[in-house]
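Asker: sequence unavailable; structure follows:
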Ligand SMILES: CC(C)(COP(=O)(O)OP(=O)(O)OC[C@H]1O[C@@H](n2cnc3c(N)ncnc32)[C@H](O)[C@@H]1OP(=O)(O)O)[C@@H](O)C(=O)NCCC(=O)NCCS
């Protein structure tokens, strides 16, 4: 049977028409678990191999992530993941010790990466805010971001939006994919709510 233009039979009855629901981007933010690490590694390695937003040149390994996970757990520092309704890890954010010396005990450096398709929808802001809140609850005072000066406009914008201010730049301290790279330092004062227990560096050395 052929339909002619204007033929009313071409219009499906209402109950047979497909329902077009607007795309909903939903997720849950929770502390990372050991089982999340392979997904976290994949997210991070994508940027290692394809971008200059991280100055890492070598893809990270599972032992690397296990070690970092254990360290942050021991130091009681937040390591958060965002998970889709289907249970897929679509992004992560973590806070790690800044500069490796004990008197920096109230200062952390953040790290935040989203998986493919998860950027530009507000998830970065939600994750970074959750990380800031978690750090304030454990009595930390300062968060620092070290950001590549090439290709990381989204990160600079995200940090500025959440109250970070630029604290300086260093040009040509890195070199990746055959070109020089610099770093942008941003910092944000935290409002500690809880009291920091113990040292950021574990046992005294
Ligand atoms: C940086 C990153 C976490 C931001 O997360 P996001 O979910 O995309 O960010 P949001 O949607 O919450 O937006 C935050 C701000 O960044 C801006 N932004 C997002 N993507 C952008 C882009 N590609 N270019 C410029 N600005 C961008 C948004 O407009 C928003 O600012 P506004 O509200 O003032 O308009 C994410 O893009 C990402 O994973 N990037 C690659 C990894 C990376 O650079 N990590 C940081 C290393 S220091």
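Answerer: On my side now, so go ahead. These figures come from a predicted structure and were not determined experimentally.
Asker: what about residue 77, neighbour count?
Answerer: 19 (other C-beta atoms under 10 Å). C-beta: built from backbone N, CA, C; applies to glycine.
Asker: measure residue 44 to the ligand for me?
Answerer: In this view, residue 44 and the ligand are 9 Å apart by C-beta to the nearest ligand atom, to the nearest Å.
Asker: surely that residue touches residue 58?
Answerer: No - using C-beta atoms under 8 Å, residue 44 makes no contact with residue 58, being 11.3 Å away.
Asker: what's the spacing between the nearest residue to residue 120 once chain neighbours are set aside and residue 67?
Answerer: Using C-beta to C-beta, 6 or more residues apart in numbering and skipping residues adjacent in sequence, the residue nearest residue 120 is residue 154, 7.5 Å away. To residue 67, residue 154 is 28 Å away according to C-beta to C-beta, to the nearest Å.
Asker: with neighbour numbers in mind, choose between those two.
Answerer: Remark: of residue 154 and residue 67, residue 154 carries more neighbours, 14 against 11, as counted by other C-beta under 10 Å.
Asker: for the residue nearest the centre of the chain, give the beta-bridge partners.
Answerer: Centroid-nearest residue in the chain, with C-alpha atoms, centre = their mean: residue 112, separated by 2.2 Å. Beta-bridge partners for residue 112, by DSSP bridges, are residue 93.
Asker: might you report the residue contacts of residue 147?
Answerer: 53, 155-156, 159, 183-186 (C-beta atoms under 8 Å, 6 or more residues apart in numbering).
Asker: so what's the residue of the chain found nearest the ligand up against?
Answerer: Of all residues in the chain, the one sitting closest to the ligand is residue 124 (2.0 Å; C-beta to the nearest ligand atom). Listed by C-beta under 8 Å, 6+ apart, the contact set of residue 124 reads 91, 112, 114, 154, 158.
Asker: how about the residue nearest to residue 48 when sequence neighbours are not counted, secondary structure?
Answerer: Among residues not flanking residue 48 along the chain, residue 56 sits closest, at 4.9 Å (C-beta to C-beta, 6+ apart). For residue 56, the secondary-structure state derived from DSSP: H, G, I helix; E, B strand; the rest coil is coil.
Asker: burial check on residue 56, number of neighbours?
Answerer: Around residue 56 there are 13 residues (other C-beta under 10 Å).
Asker: likewise residue 114?
Answerer: Neighbours around residue 114, by other C-beta under 10 Å: 21.
Asker: cool, and residue 54?
Answerer: 20.
Asker: do the same with the one 5 residues further on
Answerer: The criterion is other C-beta under 10 Å. On that basis, residue 59 has 13 neighbouring residues.
Asker: from residue 114, how far out is the nearest residue to it once chain neighbours are set aside?
Answerer: In space, and not counting its chain neighbours, residue 59 is closest to residue 45: 4.5 Å by C-beta to C-beta, 6+ apart. Using C-beta to C-beta, residue 45 is found at 14 Å from residue 114.
Asker: do residue 13 as well
Answerer: From residue 13 to residue 114 the distance is 42 Å (C-beta to C-beta).
Asker: and for residue 196?
Answerer: 29 Å.
Asker: where do the strands sit along this protein?
Answerer: 28-31, 79-83, 89-97, 107-114, 142-148, 165-176, 179-189 (DSSP state E).
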